[in-house]
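> My questions are about this predicted structure, shown below with the sequence.
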Amino acid sequence: MRTTADQIEVTLSPSKRLFFSRLALFVFVSVFILFMPILMWGKLAGTGLVLLIALKHWRDWQARKNQVLRFVPSADSCILEAGQQCRLAANQFVTGKLVILYLITAGGKKISFVIPIDAMPEEQHRRLRQLLVARTSAG
């Protein structure tokens, strides 16, 4: 995290915690399908479909790169890595281990980032939480 007088820069990396929670969901659904009282070909087709989706998810997770977000607290905005200017939505979800960041683009499109504590160094996560809580308390 780089902090200047008017900007706070945060680097997000792909979260292992989110990856493994989704992987556990795929395993649960596969086991559920295997124990359903349906024909064997239906079980195999359903499990195969779940495995294909899990494989796609794994490849997407491996291909993800770090993202950089720049917060400008004075303007109540955030600049995405592509240079897209967004403003922070009125309410943000902030807990000790999870932040869900809600942004609104200039065109009105809503973007959300799920940021668990393992997506960035713990100190950066703490400073991001402080920024969002202070912003909500002041507004």
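Arrived safely, thanks for sending.
> what about the residue nearest to residue 77 when sequence neighbours are not counted, how many neighbours?
Using CB to CB, 6 or more residues apart in numbering and skipping the chain neighbours, the partner closest in space to residue 77 is residue 87 (4.8 Å). From N, CA and C alone the C-beta is placed, and that goes for glycine too. A total of 14 residues lie near residue 87 under the criterion other CB atoms under 10 Å.
> Residue 87 in helix, strand or coil?
Put simply, residue 87 is strand when judged by DSSP: H, G, I helix; E, B strand; the rest coil.
> Quick check: residue 6 is in a strand.
No: Residue 6: not assigned to a strand; according to three-state DSSP it is coil.
> could you point out which element follows the helix of greatest length in the chain?
Within the chain, and with DSSP state H defining each element, the longest helix by residue count is helix 40-63. Where DSSP states H and E defines the elements, the next helix or strand beyond helix 40-63 is strand 67-72.
> in its sheet, what does that following strand sit against?
Strand 67-72 pairs in its sheet with strand 8-12 (antiparallel), strand 77-79 (antiparallel), by DSSP bridges.
> do you know which of the ones you listed lies nearest residue 125?
strand 8-12 (8.7 Å; CB to CB).
> buried ones in that closest one?
Under the neighbour-count criterion of 16 or more other CB atoms under 10 Å, strand 8-12 has 8, 10, 12 buried.
> Please apply the same query to stretch 39-51.
For stretch 39-51, burial by neighbour count (16+ other CB under 10 Å) applies to 43, 46-47, 50.
> Mind picking the two most distant members of these?
43 and 50 (10.8 Å).
> Common neighbours of the two, please.
Common neighbours of residue 43 and residue 50, using CB atoms under 8 Å, 6 or more residues apart in numbering, are residue 33.
> Could you chop the protein up by domain?
Domain segmentation of the chain under automatic domain parsing yields 2-13+66-138, 16-63.
> Can you give me every residue that contacts residue 89?
Residues in contact with residue 89 (CB under 8 Å, 6+ apart) are 102-104, 110.
> Give me the most central residue, this protein.
residue 114 (2.7 Å; CA atoms, centre = their mean).
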